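Student: What shape does this take:
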Amino acid sequence: MRLLDLENHEVKLPSKTDSNFVDLTVRAHPRPLLKRSQWQTLNGQWKFAFDEQGMRRTEGFLGEWSHHIEVPFAPESIKSGIDDRGFHPNCWYEREFETPLGDGRLLLHFGAVDYRARVWVNDKYIAEHEGGHTPFSLDITHALNDSGTTKVTVWAQDDPHDLAKPRGKQDWQLKPHSIWYPRTSGIWQTVWLEHVGEAYIGHLRWIPDCERWEIGFEIGLAGNLPASGVQIKVKLSVGGLLLASDTYEVFNGEISRRIVLGDPGIDDCRNELLWSPEKPTLIDAEIQLLDKDHLLDEVQSYTAMRTVSIQRDRFMLNGRPYYLRLVLDQGYWPDTLMTPPSDEALRRDVELVKAMGFNGVRKHQIEDPRFLYWADVLGLLVWEEMPSAYRFTPKAVERMTREWTEIIKRDVSHPCIVAWVPFNESWGVPNLVETAAHRNYVLAMYHLTKTLDPTRPVIGNDGWESTDTDILAIHDYE
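Tutor: Model (predicted):
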């Protein structure tokens, strides 16, 4: 049975008429769980400047551009061309590029900007985002002009001394000390453009159920929907073999349905479709948004039949006891820090972990979605862990809760993820034993995670003191 072939699949949107929009069906699509063929990377050389005073953050940048930077690499990294690991809380980016003139909407996507970002398009303020590990998307159609050239300006703020924000292993001292690593500030994941129609698929979540032998999905629509309603068509297949093809009416912009798969009731037949590290079978998904016979949008995705649970003292994969052999993966690269040097490097990382005899990783940061893609394709289990804040304050609680919610939303459909870890070794809750508020915080994050995703185990505080948890993890350094 072949592996998923989405990476070379090509789809043409019939609503797109301008040939200047580059149809880049390249391998490294930045959002592998929701792919359209018409997208354009903005990675590459941008104008760049540090702003030591932070004086221009409301009007846009009015100073002199002192550098050029290679996006998406952080200015602290060698690969960025800046290689400056000093304390610079504010920095600016700018790039001009050709944009299509035609029907539909133009979306600007940021994979991640650490920690806070404001965006202008053609000197018009668009939006702000806070959270250094999660994506955000902006509809910039209203800011385009008739020239065919668009200018994007980004202000990024990352206070190196702020211990109340989720920062993980990024050091707060000038030089990395002990177990910490250099900081990663500003843009550190792919920036890209995407053309969509006036109505389009904005959100997708997969919910496999092996007990019922069905695949659930949730879809949220965006843009201007026809008042008469639209239809969603979902087609599932494996290795070219059609599993299901169903069409559903949508009237309020959201839909949640379950697709029952053909079940012969024979374990050998079911086993062919189950996902595991030993046999990572993925299910191709093609989703169309229709207005009667008119195609409004089309995306490619994938899912898998896979369950994880805890039964007594056993971790269960697909209803059977499964021995976990995981390696702690810090997710830092010598020349590029938190940003992977290439998609090939991510694939090789997954291959090397498996070649060393491990079947999974405990990921000590929030990885680029491309890592999770290769873990899905090649078969590697992932414990996904929230990068820690180091102080317990109301602001830290608010920041952690918001960003953790966004992380789960981004990654919940990846079959490789088999556990969520909101806290590590009591970082951010240093008085867990003595202080009720610290315990309540861990309990709240545990139950929030179980509410957002009841299908996976949650380790409340990995390694040290424990409150509610599905796995009691002990970090023994002796």
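Student: Tell me the helix or strand right after the helix or strand of the chain with the lowest mean pLDDT.
Tutor: Across the helices and strands of the chain, the lowest-confidence element by mean pLDDT, DSSP states H and E is helix 267-271, at a mean of 75. Using DSSP states H and E, the helix or strand that directly follows helix 267-271 along the chain is strand 283-291.
Student: all helices of the chain, in order?
Tutor: Listed in chain order, the helices found in the chain under DSSP state H are 267-271, 343-355, 369-378, 394-411, 436-452.
Student: do you know which of those lies nearest residue 385?
Tutor: Among these, helix 394-411 comes nearest to residue 385, with 9.7 Å by C-beta to C-beta. (Each C-beta comes from the backbone N, C-alpha and C, glycine too.)
Student: Can you show me the CA trace of the least confident helix or strand of the chain as PDB?
Tutor: Extracted as PDB, the C-alpha positions of helix 267-271 are listed here (Å, rounded to 0.1, in the frame of the first residue of the first chain):
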ATOM      1  CA  ASP A 267      -9.500  -8.100  12.200                       C
ATOM      2  CA  ASP A 268      -7.100  -8.700   9.300                       C
ATOM      3  CA  CYS A 269      -9.100  -6.300   7.100                       C
ATOM      4  CA  ARG A 270      -9.300  -3.700   9.800                       C
ATOM      5  CA  ASN A 271      -5.600  -4.000  10.600                       C
END
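Student: got TSV for the helices of the chain, with distance to residue 80 and mean neighbour count too?
Tutor: Listed next are those as TSV, based on distance: least, C-beta to C-beta, whole Å; neighbours: other C-beta atoms under 10 Å:
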stretch	distance to residue 80	mean neighbour count
helix 267-271	47	11
helix 343-355	16	16
helix 369-378	19	24
helix 394-411	24	18
helix 436-452	33	17
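Student: Counting neighbours, what do you get for residue 285?
Tutor: Applying other C-beta atoms under 10 Å, we find 25 residues neighbouring residue 285.
Student: The closest residue to it other than its chain neighbours and residue 240, how far apart?
Tutor: Counting by C-beta to C-beta, 6 or more residues apart in numbering, residue 285 lies nearest to residue 301, which is 4.3 Å off, once chain neighbours are set aside. Shown here: residue 301 relative to residue 240, a distance of 17 Å by C-beta to C-beta, to the nearest Å.
Student: Same drill for those two, tell me which one is more crowded.
Tutor: Here residue 301 and residue 240 are set side by side on neighbour count (other C-beta under 10 Å), and the busier one is residue 301, at 23 against 9.
Student: That one against residue 287, yeah?
Tutor: Yes. Counting by C-beta atoms under 8 Å, residue 287 is a contact partner of residue 301 at 6.5 Å.
Student: From residue 74, how far out is the residue nearest to residue 285?
Tutor: Looking at residue 301 against residue 74, where the rule is C-beta to C-beta, the gap reads 30 Å.
Student: Domain map for this structure?
Tutor: By the assignment in automatic domain parsing, the chain contains the domains 6-196, 199-303, 308-452.
Student: which parts of stretch 158-166 are buried?
Tutor: By 16 or more other C-beta atoms under 10 Å, the buried positions in stretch 158-166 come out as 158-160, 162, 164-166.
Student: Please measure how far the first residue of it sits from its last one.
Tutor: Across stretch 158-166, the straight-line distance between its terminal residues is 11 Å, by C-alpha to C-alpha, to the nearest Å.
Student: hmm, back to that, for the residue nearest to residue 285, give me its contacts.
Tutor: In this structure, residue 301 makes contact with 6, 33-35, 204, 206, 285-287, 413, judged by C-beta atoms under 8 Å, 6 or more residues apart in numbering.
Student: Which ones among the residues you listed lie within strands?
Tutor: 204, 206, 285-287 (DSSP state E).
Student: Pick out the most distant pair among those residues.
Tutor: Taking C-beta to C-beta as the measure, those have their most distant pair in 206 and 286, spaced 13.4 Å apart.
Student: in the stretch 151-300 of the chain, what spans have low per-residue confidence?
Tutor: For the stretch 151-300 of the chain, applying pLDDT under 70 flags the ranges 265-267.
Student: at 90 what do you get?
Tutor: 168, 171, 173-180, 227-229, 251, 262-271, 293 (pLDDT under 90).
Student: all strands of it, in order?
Tutor: For the stretch 151-300 of the chain, applying DSSP state E, counting those that start in this stretch gives strands covering 186-187, 191-196, 199-209, 214-223, 230-238, 241-250, 254-260, 283-291, 294-303.
Student: Mind putting those strands into JSON lines with distance to residue 130?
Tutor: What follows is these, written out as JSON lines (distance: least, C-beta to C-beta, whole Å):
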{"stretch": "strand 186-187", "distance to residue 130": "14"}
{"stretch": "strand 191-196", "distance to residue 130": "17"}
{"stretch": "strand 199-209", "distance to residue 130": "20"}
{"stretch": "strand 214-223", "distance to residue 130": "21"}
{"stretch": "strand 230-238", "distance to residue 130": "32"}
{"stretch": "strand 241-250", "distance to residue 130": "32"}
{"stretch": "strand 254-260", "distance to residue 130": "26"}
{"stretch": "strand 283-291", "distance to residue 130": "31"}
{"stretch": "strand 294-303", "distance to residue 130": "28"}
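Student: Pick the most buried one from the ones you listed.
Tutor: Taking mean count of other C-beta atoms under 10 Å as the contact definition, the stretch among the strands of the stretch 151-300 of the chain with the greatest mean neighbour count is strand 186-187, which reaches a mean of 30.
Student: contact partners of it?
Tutor: Surrounding strand 186-187, the residues in contact under the criterion C-beta under 8 Å, 6+ apart are 71-72, 74-75, 91, 93, 110, 112-114, 154, 156, 158.
Student: Centre of the chain to it, how far?
Tutor: Centre-to-centre, strand 186-187 and its host chain are 15 Å apart (C-alpha atoms, centre = their mean, to the nearest Å).
Student: Check stretch 285-292 too.
Tutor: 24 Å.
Student: try stretch 320-339
Tutor: Here the centre of mass of C-alpha atoms in stretch 320-339, compared against the chain's by C-alpha atoms, centre = their mean, lies 16 Å away.
Student: now the end-to-end length of that stretch.
Tutor: Start-to-end, stretch 320-339 (C-alpha to C-alpha) is 36 Å.
Student: swap in stretch 416-428?
Tutor: Per C-alpha to C-alpha, the first residue of stretch 416-428 is 27 Å away from its last.
Student: Need phi/psi at residue 432.
Tutor: In this entry, residue 432 is assigned phi and psi values of phi -60, psi -40 (degrees, to the nearest 10).
Student: these two touch, right, it and residue 463?
Tutor: No. Here residue 432 lies out of contact with residue 463, judged by C-beta under 8 Å, at a distance of 11.6 Å.
Student: Run through the residues that contact residue 270.
Tutor: The contact partners of residue 270, taken as C-beta under 8 Å, 6+ apart, are 210, 213, 263-264, 305.
Student: Are any of those buried, and if so which?
Tutor: In the contacts of residue 270, burial by neighbour count holds for 210, 213, 305, counting by 16+ other C-beta under 10 Å.
Student: ok, these vs residue 469, which is closest?
Tutor: With C-beta to C-beta as the yardstick, the closest approach to residue 469 among the buried ones among the contacts of residue 270 comes from residue 210, at 24.0 Å.
Student: surely that closest one meets residue 308?
Tutor: No. Look at residue 210 against residue 308 with C-beta under 8 Å: they stay out of range, at 10.2 Å.
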